[in-house]
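1. what follows is a predicted structure for the sequence shown.
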Amino acid sequence: MRRYSVLERLLFPSARLDEDRLAKAIRRKTILITGASSGIGEQIALLLGQFPVHLVLVARREDKLLVIKRQIESNKKAQVTVVAADLRRDNEMEALLGTLREECNKPDIVVSNAGLSIRRSIYDSLDRYHDYARTMSINYLAPVKLLLSVIPGLERRQGQVINVSTINTSLIPLPSWAAYQASKSAFDTWFRSAAPELNAAGIFTTTIYLPLVRTPMIEPTAAYRKMPAMSPEHVARIIAKSMYTKRRTWNPWWLFLGQVASILFRGLWERRMPRKLSKRRDKHGDA
Ligand SMILES: NC(=O)c1ccc[n+]([C@@H]2O[C@H](COP(=O)([O-])OP(=O)(O)OC[C@H]3O[C@@H](n4cnc5c(N)ncnc54)[C@H](OP(=O)(O)O)[C@@H]3O)[C@@H](O)[C@H]2O)c1
């Protein structure tokens, strides 16, 4: 695991995991993790795989999932079921739901983590409506469809849903991130709206609002290479911790400062940002 800089240690204080409490909370449970083939999902799988649980790992890249399965099962503690599925495709989602019904008849805990981010300006997106369709499809519609199907079982087992979200859902939306931010906000709103009903039925709901995390998702964005970012191992510990604390939300301690600034400086931001972008267009000779 990469060592944090001084600034990162300040921004992302370590999360102490009580392994006994975690072991008790998840013992013999079936935990479904979407997007388990890399980044945060992979690290949650490897962490939980040290306990006697049944993990159902979902993503498109079966080869990656099988490597993770082999690594976990070599400890002889956890059992792993791999389901290779593109969750945007109805038939592959149905196959996953069928597997959950017939083979697992569960899960007890769902970690809704699979996601796709796209950074592209509106002017580079004019012929790319499909960017909006695919981010909505994986970041919003897929988790809605999955949850609608597993809610009755979660209610019977008093289970938990953990939504891996982003701090951007409660901050000023950034240019070039329209597709990603709109789709993450859509699911955040859906989940917050559904949560009281789910909680009333005995299902625990948790949303993890993450800042930048050093995973393959942010690799294409050069500007992020030098910015402070959490490690996926750290995020995995926070998610695992929520399985015994059952906390409703987790966010970095400084998020409230960003939220206050988003309200106070919205007008200023909306006046300044077009000027800044206009200068950038002139400099790069854009149309
Ligand atoms: N990294 C960050 O800075 C950051 C910040 C805030 C929130 N998040 C959220 O954290 C979550 C995990 O992202 P990450 O950073 O760990 O990125 P990542 O390493 O790119 O992981 C994304 C995961 O989603 C899976 N996935 C993508 N499209 C899929 C599809 N159509 N069907 C099934 N699985 C699919 C990918 O697997 P396959 O490619 O094998 O399908 C992969 O396992 C996402 O929801 C993201 O929005 C990330």
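-> Perfect, thanks for sending it.
2. run the chain-centre distance for stretch 85-97.
-> Mean-position distance between stretch 85-97 and its chain equals 18 Å (CA atoms, centre = their mean, to the nearest Å).
3. report the rounded mean pLDDT for it.
-> For stretch 85-97, the mean pLDDT works out to 97.
4. helices of the stretch 51-200 of the chain, start to end?
-> 62-73, 90-99, 129-136, 142-157, 178-200 (DSSP state H, counting those that start in this stretch).
5. how near is the closest residue to Ile72 other than its chain neighbours to the ligand?
-> Nearest residue to Ile72 in three dimensions, chain neighbours excluded: Gly49, at 3.3 Å (CB to CB, 6 or more residues apart in numbering). For glycine as for every other residue, the C-beta is placed from the backbone atoms N, C-alpha and C. According to CB to the nearest ligand atom, to the nearest Å, Gly49 and the ligand sit 15 Å apart.
6. from what I see, Gly49 and Ser74 are in contact.
-> No. Counting by CB atoms under 8 Å, Gly49 stays clear of Ser74, with 9.6 Å between them.
7. more crowded one of the two?
-> Taking other CB atoms under 10 Å, Gly49 and Ser74 do not tie; Gly49 has more neighbours (23 against 9).
8. quick check on the more buried one: phi, psi?
-> For Gly49, the backbone dihedrals (degrees, to the nearest 10) come out as phi -70, psi -10.
9. same check, this time on Asp127
-> Torsion angles, degrees, to the nearest 10, at Asp127: phi -110, psi 20.
10. what does the stretch 51-200 of the chain have sitting close to the ligand?
-> 59-61, 64, 86-88, 113-117, 138, 164, 166, 184 (CB under 6 Å from any ligand atom).
11. quick one, which of the residues you listed are buried?
-> For these, a burial check counting by 16 or more other CB atoms under 10 Å picks out 59-60, 64, 86-88, 113-117, 138, 164, 166, 184.
12. what about those, which are in strands?
-> 59, 164, 166 (DSSP state E).
13. closest to Tyr224 among those residues?
-> Tyr224 lies nearest to Thr166 out of these, by CB to CB, at 13.3 Å.
14. now for the closest one: which residues touch it?
-> 181, 184, 209-211 (CB atoms under 8 Å, 6 or more residues apart in numbering).
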